[in-house]
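J.: okay, sequence plus prediction incoming.
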Amino acid sequence: MFETKKVFILCSLLISSFASFGQSEIDHWETAVYADDVWAYRLGTSAPPQDWMMPDFDDSAWLSGTGGIGYGDGDDNTEIAPVNSIFLRIDFDLIDTSQITMAVLHADYDDAFVSYLNGVEIGRGNIGDPTAILDYDESPPTDHEAVLYNGGLPDAFPLYPNTFDQLVQEGQNTLAIQVNNFGITSSDLSGNFFFSLGISNSSFDYGPTPLWFFEPFLSTHIPLIHVLTQGQEIQNDPRIVAQMKIIDNGPGELNFIDAPATDYDGQIAIEIRGESSQFFEKKNYAFETQTEAGENNNISLLGMAEENDWILHGPYSDKSLIRNALTFEIGNDLMEYASSTRFCELIINDDYRGVYVLMEKIKQDDSRVDIAKLLPEDLEGDELTGGYIIEIDRDNPNLEEEGWYSSFPSYPFYTYHDPGRDELMPEQKTYIRDWISDFELAMNSPSYESTYQNYLDIESFIDYFLVNELTKHIDAFKLSFYMYKQKDSDGGKLHMGPIWDFNLGYGNFDFACEPDPEGWIYPCTARVFWLEKIIGIEAVQDQVYCRWQQLREDKLETELLMSRIDSLVSYVEPAANRNFNRFEILGNYVWPNFFIGDTYNEEVDYLRDWLDQRLFWMDQNMLGNASANCGEILRINENKIKMPLKVYPNPFSNEVTFSFSDHANKNGTVVIYSIMGAKLMEFRPIEGQPDGFSELKRGIYYYRYEVNNQPIQQGKIIKE
């Protein structure tokens, strides 16, 4: 039996010369095959000859027509009757292959395809099994819509240098493609394919690239995440099993797509996440690192603490790309915990997806929300009273499963976050619902000003309030509003946070509330009646005022925040250029943009200017009494927090000292990180201070004190 040779690009082929290859070796791009060229085609009413994709196959008996060839949606130049599949072939000439560095196939299809160059497979989509070839009358596992006719971008399948050289020849070459429909009753079938060439000199022997053309990804200076779905489509639900590798060769080194993994190379379960963001071309994803048996695989990714649940946030409407990363940095400075973040670039199969932020998912864990783990057997006594993370979010029609409505004004919807609804026992669901109801009853009573502290950790409330007001994001106190309850033996109170989801902050919205830097956001967005009651208490306002004054002299100092923005932008900007070549949204409205910059720098300048004005407005209009005894208020609050390390001087010039407080566990290690998470040094303070601080450049750095690999204290140091 005749067998086709298969090459799965980027999966199994090692490219020996690729490490020395970069964008600089390509002078420009041209297109050799267009979707609207004349193609030979055969309707899939019966099985084709086994060698139909080979270059020497005689297709003279096939039909011919101008592509695309299909039906439905109005994106076909040659319309055909509904069929289960269609087979396409086109010959094209290459003049001087020594002047061609690489190539890329762009595929816009409905519903699945497999493509061959000179008889060798070079790309496939929505097939499922990566080794399978669909029969002419076989349907793919799911449907897949073409996107070009609606202004979207096709999928890209690069042929990198060695692969390209192995597959092509000077003179005639053949591109052959099989397209399978989701079924004979499907409303549409499409196949629009383009084959473009990266030319190394200034010659022009082919045609111009399409207006939507984007260069294939080659390498990056930031971590690279590559997800291989084995032909499956990533869905909203359920998760699919895929493979993922992370390539991060460290500061100053490039990360190439075919290079060996440095952080992770293994199985994940991945799905699309989010609400409104699901309508964007650039999706957000949630994934779990797994063993081959499908069990949780707790592992450190890019220097973050070991866990198995992660988020890939794809900034889209946030064209600065940094709103979430910036805010989580601020949150980690102010609060007990905020998600750690790492910038990366993402490739799914062969499709470059742009700049992403790898983030820790909010959950109970010693290195995340550090509260007691609630077990199924914890059904009474102190064990029942804590370990709950709950969230205020959108309504859910499955109320009994996902959460419950408040009985009080504004009727917010509380959801079980961690443990989730499937993990909680009925007694545990009843307990946390009743406890929240008791809290609301207390806040709805005339004596709420004297009882709120029995339920609420006010320090966490104030920091949560200030971060959300600083960013003035449109979902503040309304959606993704997290809080957690500790056990009674640990204080038993409700803590606000962790913070989450700031891509629609810093003036990046155009509905419901005013996006300008002036005015409080909570009166416009708060769903829970008790938030406004608490913030209206005079003593709380004085604490807000004092905490703000303290932060403005340190962690929220204007120049420090502007330096944070500059550092993040400097780090991500080269990747940002690739991101916006892939998603051409600069200068265009993306819901719900208030400001629309024509360039990336304009988007960043808007964020910087907005934040500067916001800080000034909050300085002038901060709640509370300027005559409050802030020294006493802050002293009481700070005495509640015991840290094992004292770090001074900070900022420092050449040396910084890490000394132990009286109650410290002294058997730990200090790890120093760059602002982007690269590990720079580690040492045991009990053995003395290292000499490396004098060699650090001016800027912001982070430290983490770990005992038995568990984070105990973390913070920021600044070298002047």
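T.: Noted; the coordinates are in hand. Numbering: from 1, shown residues only.

J.: Leu224 is in contact with Asn249, isn't it?
T.: No - in this structure Leu224 lies outside contact range of Asn249 using CB atoms under 8 Å: 9.3 Å. Yep, even glycine has a C-beta here, placed from its N, CA and C like the rest.

J.: which neighbours do these two have in common?
T.: Here Leu224 and Asn249 have Asn255 as joint contacts, going by CB atoms under 8 Å, 6 or more residues apart in numbering.

J.: the two - which one has more neighbours?
T.: Set side by side, Leu224 and Asn249 show more neighbours around Leu224, with 26 against 15, by other CB atoms under 10 Å.

J.: need the contact list for the more buried one.
T.: By CB under 8 Å, 6+ apart, the residues touching Leu224 are Ile246, Ile247, Asp248, Asn255, Phe256, Ile257, Cys344, Glu345, Ile347.

J.: in strands only, show me those.
T.: Ile246, Ile247, Asn255, Phe256, Cys344, Glu345, Ile347 (DSSP state E).

J.: list the contacts for the third one?
T.: The neighbourhood of Asn255, defined by CB under 8 Å, 6+ apart, consists of Ser219, Thr220, His221, Ile222, Pro223, Leu224, Ile247, Asp248, Asn249.

J.: thinking again about what came up before, between the ones in strands among the contacts of Leu224, which is nearest Trp548?
T.: Distances from Trp548 to the ones in strands among the contacts of Leu224, taken as CB to CB, are shortest for Cys344 (33.9 Å).

J.: would TSV of the contacts of Leu224 with pLDDT and distance to Pro644 be doable?
T.: Written out in TSV, the entries for these read as follows (pLDDT from 0 to 100; distance: CB to CB, whole Å):
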residue	pLDDT	distance to Pro644
Ile246	97	32
Ile247	95	36
Asp248	95	30
Asn255	91	36
Phe256	84	42
Ile257	82	43
Cys344	97	32
Glu345	97	37
Ile347	94	42
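
J.: okay if I get the residues you listed as TSV plus distance to Ser460?
T.: TSV is the format used below for the contacts of Leu224 (distance: CB to CB, whole Å):
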residue	distance to Ser460
Ile246	33
Ile247	38
Asp248	33
Asn255	38
Phe256	44
Ile257	43
Cys344	30
Glu345	35
Ile347	39
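
J.: correct me if wrong: Thr262 contacts Asp248.
T.: Yes - contact criterion CB under 8 Å: Thr262 and Asp248 qualify, at 5.1 Å.

J.: tell me which of these two has more neighbours.
T.: Asp248 (24 against 17).

J.: right, and the more buried one touches Pro260 too?
T.: No - using CB under 8 Å, Asp248 makes no contact with Pro260, being 11.2 Å away.

J.: quick check: phi and psi at the closest residue to Thr558 other than its chain neighbours.
T.: Leaving out its chain neighbours, the residue that sits closest to Thr558 by CB to CB, 6 or more residues apart in numbering is Leu615, at 5.6 Å. Per-residue torsions, Leu615: phi -60, psi -40 (degrees, to the nearest 10).

J.: can you report how many residues lie near Leu615?
T.: With other CB under 10 Å as criterion, Leu615 counts 18.

J.: do the same with Gly151
T.: 9.

J.: show me the shaky parts of this protein.
T.: Within the chain, the ranges that satisfy pLDDT under 70 run 1-24, 396-400, 635-643, 662-664.

J.: state the phi and psi torsions of the residue nearest the centre of it.
T.: In the chain, the residue lying closest to the centroid (CA atoms, centre = their mean) is His313, at 1.6 Å. In terms of degrees, to the nearest 10, the main-chain angles of His313 are phi -90, psi 120.

J.: for it, which residues make a bridge with it?
T.: Residues in a beta bridge with His313, per DSSP bridges, are Val357.

J.: report the buried residues of the longest helix seen in the chain.
T.: If you go by DSSP state H, the chain has its longest helix at helix 558-582. By neighbour count with 16 or more other CB atoms under 10 Å, helix 558-582 contains the buried residues 560-561, 563-565, 567-569, 571-572, 575-576, 578-580, 582.

J.: shared neighbours, Asp248 and Pro260?
T.: With CB under 8 Å, 6+ apart, Asp248 and Pro260 have no common neighbours.

J.: and Ile90, bridged to which residues?
T.: Leu175.

J.: now do it against Phe204, distance only.
T.: 21 Å (CB to CB, to the nearest Å).

J.: likewise for Ile521?
T.: For Ile521, the distance to Phe204 - CB to CB - is 54 Å.

J.: between those two, which is the more surrounded one?
T.: The neighbour comparison of Ile521 against Phe204 (other CB under 10 Å) goes to Ile521, with 22 against 10.

J.: ok, Ile100 - how many residues close by?
T.: 25.

J.: switch to numbering from 53
T.: Noted, 53 is the first residue going forward, which turns the last one into Ile152.

J.: so it touches Ile251, yeah?
T.: Yes - with contacts counted by CB under 8 Å, Ile152 reaches Ile251, the gap being 6.2 Å.

J.: just the contacts of Asn307 now: which is nearest Asn673?
T.: Once CB to CB is applied, the member of those that ends up nearest Asn673 is Ile274, at 38.5 Å.

J.: ok, now which ones touch that closest one?
T.: Ile274 is in contact with Asn307, Phe395, Cys396, Glu397, Tyr623, Val624, Ala627, Met728, counting by CB under 8 Å, 6+ apart.

J.: between those, which sits nearest Asp370?
T.: Nearest member of the contacts of Ile274 to Asp370, counting by CB to CB, is Val624, at 12.0 Å.

J.: separation between that closest one and Arg394?
T.: Val624 is 11 Å from Arg394, by CB to CB.

J.: for this protein, what spans make up the helices?
T.: Under DSSP H, the chain gives helices at 213-219, 375-386, 433-436, 451-454, 478-495, 500-503, 510-523, 574-577, 581-587, 590-604, 610-634, 652-673, 682-690.

J.: and Lys334, which of those is closest to it?
T.: Once the helices of the chain are compared by CB to CB, helix 610-634 is nearest, at 8.4 Å.

J.: which one of the contacts of Leu276 is nearest Asn202?
T.: Ile399 (23.3 Å).

J.: check contacts around Tyr93.
T.: Tyr93 neighbours (CB under 8 Å, 6+ apart): Trp114, Leu115, Ser116, Gly117, Ile121, Thr130, Ile138, Phe139, Leu140, Arg141.

J.: okay, the closest residue to the first one other than its chain neighbours and Asp79: tell me how far apart.
T.: Across the structure, with CB to CB, 6+ apart as the measure, the residue nearest Trp114 apart from its sequence neighbours is Ala92 (4.3 Å). Between Ala92 and Asp79 the distance, using CB to CB, works out to 32 Å.

J.: more neighbours: these two, which one.
T.: Neighbour count, other CB under 10 Å: between Ala92 and Asp79, Ala92 has more, with 20 against 13.

J.: might one say that the more buried one is in contact with Leu140?
T.: Yes - contact criterion CB under 8 Å: Ala92 and Leu140 qualify, at 7.2 Å.

J.: pretty sure Gly438 is in contact with Lys545, am I right?
T.: No - using CB under 8 Å, Gly438 is not in contact with Lys545; the gap is 9.5 Å.

J.: of those two, which one has the most company?
T.: Gly438 (24 against 19).

J.: for the more buried one, give its distance to Glu82.
T.: Per CB to CB, Gly438 is found 64 Å from Glu82.

J.: same check, this time on Leu115
T.: 28 Å.

J.: over to Ile510?
T.: 65 Å.

J.: can you pull the contacts of the residue nearest to Pro182 when sequence neighbours are not counted?
T.: Excluding its sequence neighbours, the residue lying closest to Pro182 (CB to CB, 6+ apart) is Gln282, at 4.4 Å. Neighbouring residues of Gln282 by CB under 8 Å, 6+ apart: Gly180, Asp181, Pro182, Ala294, Gln295.

J.: go again using 7 Å as the cut-off
T.: The contact partners of Gln282, by CB atoms under 7 Å, 6 or more residues apart in numbering, come to Asp181, Pro182, Ala294.

J.: what about those, which one has the most neighbours?
T.: Most surrounded of the contacts of Gln282: other CB under 10 Å gives Ala294, at 19 neighbours.
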